[in-house]
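**Q** with the input below, show me the fold.
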Amino acid sequence: MAEAGQSMPEGAPLAGGSVQATLTGAKEARKRAELDAQLLANRIALLKQEEEKAWKKIEETRKRATEIMELRKQNEQKFSAKEHFYKQKWESIRAAQAANQQQRDKAKAIREQTRQGLMEQKFQNAKSTKQHSQTMLLQKKEREAAERQANLERSSYLKARKDDAKRRMEEDRLAQLEKYREDYEARAAQEELLRARTEALVAKMEKEEMELIQ
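**A** Okay, the predicted model is just below:
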């Protein structure tokens with residue numbers, strides 16, 4: 001009986017040490033699991049932040065593209081307004097030319113009437129009016145020739161100015177359109193590059209996460 005009573009204390013410390021080791025191991029395993037969970041949560045939060053940044057940049061690029069298209073529309077409207085203005089101005093010039101032609105025709109008719117009167121007077125006073133009539137006729141021809149030359153030069157000048165203005169406006173319009181096209185293509189290429197980088201980063205981080213999980 002005494003030997004049996006002495007064997008119990010020897011086994012008790014061994015059982016207590018085993019339980020303590022098991023408890024300690026469980027605590028450490030729990031801490032490692034909590035640490036792994038925290039690291040995973042941090043990685044997921046970082047991935048979400050990067051994704052939000054990428055979407056924000058994409059949205060900004062889209063907004064800029066919309067602004068560019070709106071600006072292009074406004075410029076086209078301005079060009080159309082200018083074109084309409086110059087068209088009206090040219091029509092006004094042509095109307096003024098027509099009015100001037102009417103005035104010239106009227107003046108020519110008056111001169112013709114005057115000449116007829118002078119011719120009648122010449123028949124009445126042949127000697128006294130003959131030289132005068134010839135002089136007037138010569139001056140009339142010179143004046144008409146000068147007027148025709150002036151009208152021709154004025155028409156040529158106005159036509160040249162119109163053609164030059166039209167050419168410059170077309171060149172400006174084409175240059176502006178080309179600039180808008182280049183800006184839009186550059187924005188689109190930048191957006192595609194950002195998208196590719198973001199997708200590559202997400203794929204890499206997903207791979208790292210899977211490796212850590214495994």
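**Q** let me see the contact set for Lys162.
**A** Trp90 (C-beta atoms under 8 Å, 6 or more residues apart in numbering). Glycine gets a C-beta too; all of them are placed from N, C-alpha and C.
**Q** okay, and it sits in which element?
**A** According to DSSP states H and E, Lys162 maps onto helix 126-213.
**Q** return the distance of that helix from the chain's centre.
**A** In terms of C-alpha atoms, centre = their mean, to the nearest Å, the centre of helix 126-213 is set 17 Å apart from its chain centre.
**Q** contacts only, for Ala188.
**A** So Ala188 contacts Ala65 (C-beta under 8 Å, 6+ apart).
**Q** same check, this time on Ala98
**A** Contacts of Ala98 by C-beta under 8 Å, 6+ apart: none found.
**Q** same question for Asp36.
**A** Taking C-beta under 8 Å, 6+ apart as the definition, contacts of Asp36 comprise Leu212.
**Q** what's the mean pLDDT across the helix or strand in which Gln88 is found?
**A** Assigned by DSSP H and E, Gln88 falls within helix 2-124. In this model, helix 2-124 has a mean pLDDT of 79.
**Q** please apply the same query to stretch 137-149.
**A** Averaging pLDDT residue by residue across stretch 137-149 gives 90.
**Q** show me what counts as buried in it.
**A** Using 16 or more other C-beta atoms under 10 Å as the test for burial, stretch 137-149 gives no buried residues.
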